[in-house]
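> pasting a predicted model and its sequence here:
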Amino acid sequence: MLDALLIDDDQKSLDLMLSLLENYCPDIIVSGYAKDFLTAEALIKNTQPDILLLETEISDGSAFVFLDNIAATAEAELVFVTAFEKHAVKAYEYNVAGYLVKPLNARKLQLAIKKADNNIVQKRYIQRVSNMDSATLNPLEQRLALPMTNVVSFLTINEIVYCKAKGAYTEIHTYDKRVLTVTQSIKEYEKLLPEIFFCRVHHSYIVNINCIRNFYKGRGGYLELNNGMTIEVSARRKVEFLARFGIR
């Protein structure tokens with residue numbers, strides 16, 4: 001069974017989604033619904049749903065801004081159920097399981113839920129494999145399975161220079177200048193990567209500390225990496241970052 005959270009400010013749309021899920025998607029349990037993004041954020045933190053079914057625009061803002069703001073706390077699969085065709089291209093930047101234009105169709109909803117379910121199964125399998133590796137290998141020799149849109153790539157942890165959040169997915173930047181866009185949030189990699197070698201320095205960045213050349217002071221400051229890349233350090237994370245090196 002999978003938990004779903006519905007986000008829409010139109011009661012008729014919510015009622016229809018509830019009815020179709022109940023009648024055509026028996027493996028889905030609706031854990032709640034919200035008519036605004038503020039309420040939705042609180043529900044996500046409390047219930048950790050597997051799937052979000054959401055409108056792209058509601059009374060208090062844009063779903064894309066909302067998703068960017070909760071990227072560090074939400075790992076749910078996304079299905080847009082919307083009155084707006086114009087956001088489809090933008091939506092697929094967030095690796096959605098479906099983009100369904102109202103009026104909602106039961107068959108299309110079933111297909112989107114099936115895709116979301118498959119993605120969740122894949123993520124859980126990759127997590128189990130990664131956990132097995134962590135029990136048997138030197139941390140830097142661990143291999144990560146990176147789920148992307150059409151392929152799963154494998155690389156060792158010591159190949160990673162930094163990770164960058166991009167909406168609901170993450171860019172992995174490597175020593176050999178590859179950029180792998182994976183279908184998991186940066187929060188997932190904050191948990192997977194060994195803390196002794198990696199540090200979250202900003203809500204959008206995790207850095208391999210072996211790749212840092214200089215830290216430049218400021219309100220938060222910024223890092224210069226060995227490859228010349230600069231990365232901002234947030235004021236909130238600056239103290240924790242410096243404390244790792246015995247600096248106050």
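Looks like it arrived, so ask away.
> retrieve the pLDDT associated with residue 135.
The confidence metric pLDDT takes the value 53 at residue 135.
> what's the neighbour count on residue 233?
Residue 233: 24 surrounding residues under other Cβ atoms under 10 Å. The C-beta positions use only the backbone N, C-alpha and C, and glycine is treated the same way.
> who touches it in this structure?
Residue 233 is in contact with 201-202, 215, 220-223, 241, counting by Cβ atoms under 8 Å, 6 or more residues apart in numbering.
> out of the residues you listed, who's the most crowded?
For the contacts of residue 233, neighbours were counted by other Cβ under 10 Å; the highest total belongs to residue 201, with 25 neighbours.
> and that residue, that one's in a strand?
Yes - counting by DSSP: H, G, I helix; E, B strand; the rest coil, residue 201 is part of a strand.
> and the gap between the nearest residue to it once chain neighbours are set aside and residue 202?
Spatial nearest neighbour of residue 201, excluding adjacent residues (Cβ to Cβ, 6 or more residues apart in numbering): residue 233 at 4.6 Å. Computed as Cβ to Cβ, to the nearest Å, the residue 233 to residue 202 distance reads 6 Å.
> where do the contact lists of these two overlap?
residue 220.
> turn the contacts of residue 233 into TSV, columns for secondary structure and distance to residue 115.
Compiled in TSV, the contacts of residue 233 are given as follows (DSSP: H, G, I helix; E, B strand; the rest coil; distance: Cβ to Cβ, whole Å):
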residue	secondary structure	distance to residue 115
201	strand	34
202	strand	31
215	strand	43
220	coil	39
221	coil	42
222	strand	39
223	strand	38
241	helix	38
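> among those residues, which pair sits farthest apart?
Put simply, by Cβ to Cβ the two of the contacts of residue 233 set farthest apart are 202 and 215, 13.0 Å from each other.
> measure the residue nearest the centre of the chain to residue 58 for me?
Nearest to the mean C-alpha position of the chain, by Cα atoms, centre = their mean, lies residue 185 at 2.3 Å. Look at residue 185 and residue 58: by Cβ to Cβ, they are 22 Å apart.
> low-scoring stretches of the protein, by residue?
For the chain, the stretches with pLDDT under 70 are 72-74, 125-140, 248.
> the residue nearest to residue 35 when sequence neighbours are not counted sits in which helix or strand?
Closest residue to residue 35 apart from its sequence neighbours, by Cβ to Cβ, 6+ apart: residue 9 at 4.5 Å. Under the criterion DSSP states H and E, no helix or strand holds residue 9.
> for residue 9, grab phi and psi.
phi -90, psi 10 (degrees, to the nearest 10).
> the residue nearest to residue 201 and residue 217: what is the separation?
From residue 233 across to residue 217, the span is 10 Å (Cβ to Cβ).
> cool, residue 2 as well?
Noted for residue 2: a distance of 47 Å to residue 217, by Cβ to Cβ.
> these two: which has the busier surroundings?
Set side by side, residue 2 and residue 217 show more neighbours around residue 2, with 17 against 10, by other Cβ under 10 Å.
> and whichever strand or helix holds residue 13, what other elements does it pack with?
Taking DSSP H and E as the definition, one finds residue 13 inside helix 11-24. Packing partners of helix 11-24 (3 or more Cβ pairs under 8 Å, 6 or more residues apart in numbering; DSSP states H and E): strand 2-7, strand 28-34, helix 106-136.
> just say which of the ones you listed is most tucked in.
strand 2-7 (a mean of 22; mean count of other Cβ atoms under 10 Å).
> partners of that strand in the sheet?
strand 28-34 (parallel), strand 51-54 (parallel) (DSSP bridges).
> thanks again, I'm all set now.
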